[in-house]
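1. Sequence and predicted structure, then a few things I'm wondering about:
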Amino acid sequence: MVTTHNLGFPRMGMRRELKFALEAYWRAETDSAALLDCAQALRQRHWAWQDTLDWAPVGDFSLYDHMLDMSFTLGHLPQRAQGFGGDELEHYFRLARGQGRAACCGGAIAAAEMTKWFDTNYHYLVPEFDTQTRFELDDRRLRQQWGEALAQGVRGKPVLIGPVTYLWLGKMRGGGDRLQLLPALLEVYAELLKRLHAWGATWVQIDEPILVQDLDPDWQHAFNLAYHQLKNAPVQILLASYFGGLGDNRYLAANLPVAGLHIDAVRGRDEVSALLNLLPSTKVLSLGVIDGRNVWKTDLYAALGWLEPLAQRLQERLWIAPSCSLLHVPLDLDAEPNLDPSLRGWLSFARQKLQELHLLARALNHGRQSVADQLQLHQHGLIERAQSTRVHRSEVQAALRASNALPAHRPSPYAERARQQQAVLQLPQWPTTTIGSFPQTGAIRQARQRFKSGQIDAAAYEQAMRDEIALCVREQEALGLDVLVHGEAERNDMVEYFGEQLEGFAFTTQGWVQSYGSRCVKPPILYGDVQRRLPMTVHWSRYAQSLTHKPMKGMLTGPVTMLNWSFVRDDQPRELSCRQLALALRAEVLDLEQAGIAVIQIDEPALREGLPLKKADQAAYLDWAVACFGLSANGVRDTTQIHTHMCYAEFNDIIEHIARLDADVITIETARSALDLLEAFERYDYPNAIGPGVYDIHSPNQPEVERMVALLRSAAQRIAPERLWVNPDCGLKTRQWPEVRPALQRMVQAAQQLRQSSR
Ligand SMILES: CN1c2c(nc(N)[nH]c2=O)NC[C@@H]1CNc1ccc(C(=O)N[C@@H](CCC(=O)N[C@@H](CCC(=O)N[C@@H](CCC(=O)O)C(=O)O)C(=O)O)C(=O)O)cc1
Ligand SMILES: N[C@@H](CCS)C(=O)O
Ligand SMILES: [Zn+2]
């Protein structure tokens, strides 16, 4: 008999209940009891939806982030977050967001750094270590959730981030080797496993996703050390790897002294037979056969064809599961009544994926004939997808072929372009700008919702957005910013907005996926060849430019980010889909230029996120990603200034490729990770202009002028001041105007101070 299990489940709820409960709590409109009740009700419902599983995850639910939860469980917080006392929830949110709820006691601190969770669009809060770091078990969160699961009769499997991954993902402040902390950390894990056993847990899932990355001998040794030390734990450990195959860590992972190993059998399918030969005959092998990173239906016939001999061979030792936590896919396809019916038949969201898993298990355990009708029904959509005429467009194929003849570079090198652009733009030293979005107020969202539900017509919506743009331009002029933006009021999201206007994309109404904290996105679904129907942004930018004499930045999302933040086709290489996107965006860039927009920003915040986790695969990705950016950007004249923007990832290791994008200006997040990144720019001798984000827009705290001046001064020691810009570290859509105005005022003041002192 095969066993089924799940690694993690979406947390937000069918109607994003958690988001609304969190935000109401932060605004101090509700109390902690209301928030905790909502969280508990969600857990209960989500376990009920997983009741066909042999083992359901417990402890994967989080109020903000599972890494932050782990930091609290391990009793280890940075110095600045300690000693506040008082309310536990306030304490938790203070570290996540920089402050607790509105008007509450306890004061503000610098929020923990936030960065991408492997190659996903989920962001985690980075643990901070120093040589003084101590750990002390705090089991309250897990005890609570385990108790609830027990009361509900859930067959639960506690889920923990593993000790080696936890250290790897953290940052050591002030130098030192974080592996030195491993022995102390392991003591806490050992104690935690004892407690889980005492509460009745038999299997514990320990997530070590770094096993799919390249590990040097020290880190490989850390795995041996850790799991040999934990091998006497009274529970059975299921060591979970995901987001790729084990590669060179296969032998290591197979031989760690744990009871079971979970692998991503979607991305790592090719290595399963080799792994089987390495795996000791006592160990459980859990195969993640359902894709937890995309939304396409699983080909169950193909999966069964592959699994049946494995089930014969492994018998009770075979477990099956989604490849990773289902956190990264939308919750329920049944919440999408308006989705095109044929497309619907191609898709599977979190709840459907668990149904697929259940069907697979029944077919394996009782024979295919026991579920023959369900299997046939399931496969119907797959056949339809394979035969659909909606997927391929001959004109797109022709345009792609023709694009091979386009020049790969701008007409002139950067220095010459910069001279020509300055002659047109006449910008002061330390030019100030913002990243694009301004507050997405309740009024803006309500207007859009009223438009979508037919309560207002297109003309009324258009006027409402124009009014917002006009307001945004007035505000920026009053602030004295140099290069303005229209504010992106008309965009529900920087990817979804474009997806909605391109052929080849479908979109959902409830397909929310958590991005960080309470923030969610609805990734569009790229199912067919991509084509631009009409200009997508030109009329908004032209209107915004008509309101000011200052340069108005056109604002686009780049092809690589469009690709990485969408659910994309699995029937052709990602590179090809990206080139199609790049061609559509190139047409938009040229139309913006034609409309008199002299500065165009092509955002690529997800360039780094798409980087394959294994070094051997990275060069090929970077080559086509850089080429696709170039395809979208390089058709413009020298006088048109191309900006790009990146945020919330480690960029140090790809600076050379960022330079190859040859954007005239890059605005980049640096506020939370201090000057590490600028040092990398200096080391690489980055040639073009840079706007290091001078303050963290994710925190409600006001930036200090002196701090921004100091950051820019120290940037100027590394990069020639005439190539430096002054800007926040990301868009302002999540903030409110009363926060944005004073923050930007201070930022402009910082630029003025620098101009004065350099006179
Ligand atoms: C820059 N970032 C982005 C990432 N990925 C993206 N796809 N997009 C990004 O911008 N990844 C990295 C970072 C992550 N950062 C963010 C920042 C902010 C959000 C965010 O604010 N998300 C919103 C949802 C945005 C959206 O789609 N809005 C729609 C629908 C709004 C809505 O909820 N409407 C209500 C009714 C109206 C009301 O009363 O308010 C409803 O339908 O019920 C829109 O504007 O039309 C969020 O709320 O979480 C995400 C990632
Ligand atoms: N232009 C976008 C970039 C976010 S990464 C914004 O300002 O929201
Ligand atoms: Zn950003």
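-> Good, I have the coordinates. Residues are numbered from 1 along each chain as shown. Ligands and ions are numbered 1, 2, ... in the order given.

2. contacts, neighbours, all on C-alpha from now
-> Fine.

3. can you give me the helices for the stretch 301-450 of the chain?
-> Applying DSSP state H, counting those that start in this stretch to the stretch 301-450 of the chain gives helices spanning 341-344, 350-366, 372-387, 394-403, 414-425, 442-452.

4. helices and strands around the first one, which ones?
-> Helix 341-344 sits against helix 372-387, with contacts defined as 3 or more C-alpha pairs under 8 Å, 6 or more residues apart in numbering; DSSP states H and E.

5. What mean pLDDT does the helix it packs on get?
-> Mean per-residue pLDDT for helix 372-387: 96.

6. quick one: buried residues of it?
-> In terms of neighbour count (16 or more other C-alpha atoms under 10 Å), helix 372-387 has its buried residues at 375, 378-379, 381-382, 385.

7. The helix or strand where residue 578 lies to helix 394-403, inter-axis angle?
-> Secondary structure assignment for residue 578, by DSSP states H and E: helix 574-594. Orientation check (axes from the mean of the first three to the mean of the last three C-alpha atoms, to 10 degrees): helix 574-594 against helix 394-403 gives 80 degrees.

8. which parts of this protein sit against ligand 2?
-> With the criterion set to C-alpha under 6 Å from any ligand atom, the chain comes near ligand 2 through 435-437, 603, 605, 730-731, 733.

9. Ignoring the adjacent residues along the chain, who's closest to the residue in the stretch 451-600 of the chain that ligand 3 sits nearest to?
-> Of the stretch 451-600 of the chain, the residue with the smallest distance to ligand 3, taken as C-alpha to the ion, is residue 494 at 10.1 Å. Of all residues not flanking residue 494 in the chain, residue 557 sits nearest, at 6.3 Å (C-alpha to C-alpha, 6 or more residues apart in numbering).

10. Is the one you found bridged to anything, and to what?
-> residue 603 (DSSP bridges).

11. Can you give me the neighbour number for it?
-> For residue 557, the number of neighbouring residues by other C-alpha atoms under 10 Å comes to 21.

12. In contact with it: list those residues for me.
-> 494-495, 498, 602-604 (C-alpha atoms under 8 Å, 6 or more residues apart in numbering).

13. Tell me the one among those nearest to residue 150.
-> residue 495 (41.0 Å; C-alpha to C-alpha).

14. Report the buried residues of the helix or strand of the chain with the lowest mean pLDDT.
-> Least confident helix or strand, the chain: helix 676-684 with a mean of 85, by mean pLDDT, DSSP states H and E. Residues of helix 676-684 classed as buried: 677-682 (neighbour count, 16+ other C-alpha under 10 Å).

15. what does stretch 59-78 give?
-> Using 16+ other C-alpha under 10 Å as the test for burial, stretch 59-78 gives 59-77.

16. Next one: the residue of the stretch 251-400 of the chain found nearest ligand 3, what pLDDT does it get?
-> Closest to ligand 3 within the stretch 251-400 of the chain is residue 328: 19.7 Å, counting by C-alpha to the ion. The model reports residue 328 with a pLDDT of 98.

17. quick revisit: okay, and which of the buried residues of stretch 59-78 map to strands?
-> Among those, no member falls in strands (criterion: DSSP state E).
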